[in-house]
Structures are given as C-alpha cells and as structure tokens.
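Trainee: Show me the folded form of this:
(one chain, ligands or ions: 2)
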Amino acid sequence: MLLELIDVNSFYDKSHILQDVSMRLESGEAIGLVGRNGVGKSTTLKSIAGVVTPQSGRILYRDKNLVGLRPHQISRRGVGYVPEERRIIPNLTVRQNLLLGIKPGQGENKDGWSIDKAYELFPQLKKRDGHRGGNLSGGEQQMLTIVRTLMGDPDLLLIDEPTEGLAPNIVEDVSRFICEIGKSGISIILVEQKIELVIELVSRIYVMSKGQIVFEGTPAELESADDIREKYLEV
Ligand SMILES: Nc1ncnc2c1ncn2[C@@H]1O[C@H](COP(=O)(O)OP(=O)(O)O)[C@@H](O)[C@H]1O
Ligand SMILES: [Mg+2]
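Mentor: Numbering: from 1, shown residues only. Ligands and ions are numbered 1, 2, ... in the order given. Model prediction:
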C-alpha cells in the first residue's frame, strides 16, 4: 500500500469538514475522488499534503504517518500537490517556472524528471519554453503547474480539478496528459467534477458527500450505480 487514510477528521476552526475519511491507494494506481461542490474533496487533498492538519486519524504514506508534518516535508517524501488555483509565476518563462519545481538539494536523479524529459513527453510545453507563464493559455498554464510539480520527482501526485474553467478541446489535452503521467508509473489521486473524464483515467473511484466517503468502486460499478450517481453526483 502506498497511501492509507484511516478515519481522518479535519476542521476549519470549529467546522468539522472531514468525518472519518478512509481511503487507500496502491503503488502505481490512479484513483478518483468525486462529489458535489463543498463536500470536502479539496480538504482531503490538503490534509494529505499537510496544508490542513487533521485533528485525528492517520495518513500513512509508505507506512509512515504524515499527520503533523509540514507541507515541504511531505513533498520531500514524494507527495506532489497540484492545488486548484494555478500558481505559475506570470513574469517568469516556462523554463524558469519549471526550474522552481526542483527541490533544494534534490540533486541529479537519472531516472527522475528533467526539463528535457518533460518536454519530450509534452511537446506543447516545449514550444512555449521561452514564453512568459502569464502569456500561456489556461490549458497550458495547467500543464505547466502539473509539470512543475513533476520536477520534484513525486511518487504520488494529488491533482485538484485540473480541467476547471478550460474549454472542452483543451480538457481533452489535459486529460491525455494526466493519462501519460499515470503510464509513467506515478500514482495519482484525481479530484475532478467531470465524471466521464475520471471514469476514463482511474481504476477506482471514491464518492464523497458532506465530508464522508459514501461510495467506493470501479468506474464500471459507479456507472451502474444509478442511485449513487443521482443522489451524490448529478444535478
Ligand atoms: N479555508 C477555509 N475556511 C473555512 N471553511 C472552508 C475553508 N475551505 C473550505 N471550507 C469549507 O469546507 C467545506 C469543504 O470544502 P472543500 O474541501 O473545498 O470542498 P470541495 O473541494 O469538495 O468543493 C465547504 O463547506 C467549504 O465552504
Ligand atoms: Mg475543491
């Protein structure tokens, strides 16, 4: 098991958001976390990344508890977090933005990510190498955000709503791009509103409602669970 959440409870002040959330992820697996707005999906990723500190429960990553560690410590252990808001630096070029993703003291890792390897896999970004981040399209900025996180050589990538606000044709690009990342062996937790896209990309899906996991199953199982989709996903 790469990651295991056991009865995680997270709060914002006195608001009890995550309520006994338990999830697990095998090494190399991509899973989806879906549910309506405001149910706690982002809070789940933030709790794993250490941006929010759970008040109780355990988050085991390679059998070690992450709860209480700072975000940079969690990132150093191999957990890359791509938050909802794209944090590119508009005045820096694509290459300069990517260089920011390399962790201090990371050193040369032959099998790890490099700008060249990233460009080989994602030629669309290579074409933009010398362009300022702020001049990229929304989809390109999203790819840049993800690739910058890859530069830190994560084993697990947490991606929060990567296609939000993107035009439909660009959604396809970002989706293909996430698929490539999965094929490279990185484990993924994908939070995404577009269920069709999640179904295409992951092997297991968790559905969340009001801070609790209410369903866990394969994409096929979710597709045939009409009651769950009607109750927790469809408008
Ligand atoms: N920084 C915050 N302070 C207080 N409440 C928050 C904060 N962030 C999110 N919330 C609340 O926590 C709940 C879960 O939010 P979130 O995890 O962002 O949901 P989702 O990602 O599923 O849309 C929502 O009710 C939201 O209003
Ligand atoms: Mg969210």
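Trainee: contacts and neighbour counts: CA atoms only from here.
Mentor: Fine.
Trainee: longest helix in this protein, by residue count?
Mentor: Scanning the chain for the longest helix, with DSSP state H as the assignment, gives helix 168-183.
Trainee: Which residue is most remote from the mean position of this structure?
Mentor: The centre of the chain is farthest from one residue, D227, which by Cα atoms, centre = their mean lies 27.0 Å away.
Trainee: which phi and psi does that one have?
Mentor: Phi and psi for D227, reported as degrees, to the nearest 10, are phi -60, psi -40.
Trainee: Repeat that for L18.
Mentor: According to degrees, to the nearest 10, L18 has phi -80, psi 130.
Trainee: and the closest residue to it other than its chain neighbours, how many residues sit next to it?
Mentor: Spatial nearest neighbour of L18, excluding adjacent residues (Cα to Cα, 6 or more residues apart in numbering): G211 at 4.4 Å. Applying other Cα atoms under 10 Å, we find 21 residues neighbouring G211.
Trainee: hmm, who's touching stretch 94-112?
Mentor: 76, 88-89, 115, 125, 128-133, 144, 147-153 (Cα atoms under 8 Å, 6 or more residues apart in numbering).
Trainee: Might you report the residue contacts of the residue nearest to L18?
Mentor: I17, L18, Q19, V21, V39, G40, K41.
Trainee: Just read off the phi/psi values of N9.
Mentor: phi -120, psi 120.
Trainee: in the sheet, who's paired with it?
Mentor: S56 (DSSP bridges).
Trainee: ditto for L190
Mentor: Beta-bridge partners, per DSSP bridges, of L190: G32, I159.
Trainee: And the helix or strand of the chain with the lowest mean pLDDT, what does it pack against?
Mentor: Using mean pLDDT, DSSP states H and E, helix 115-121 stands out as the lowest-scoring helix or strand of the chain, at a mean of 88. Judged by 3 or more Cα pairs under 8 Å, 6 or more residues apart in numbering; DSSP states H and E, helix 115-121 is in contact with helix 94-99, helix 123-126.
Trainee: Do you know the pLDDT at the residue nearest the centre of the chain?
Mentor: In the chain, the centroid-proximal residue (Cα atoms, centre = their mean) is I159; its distance is 1.6 Å. We have a pLDDT of 98 for I159.
Trainee: wait, what's in contact with it?
Mentor: Y81, V82, P83, E84, I146, I188, I189, L190, V191.
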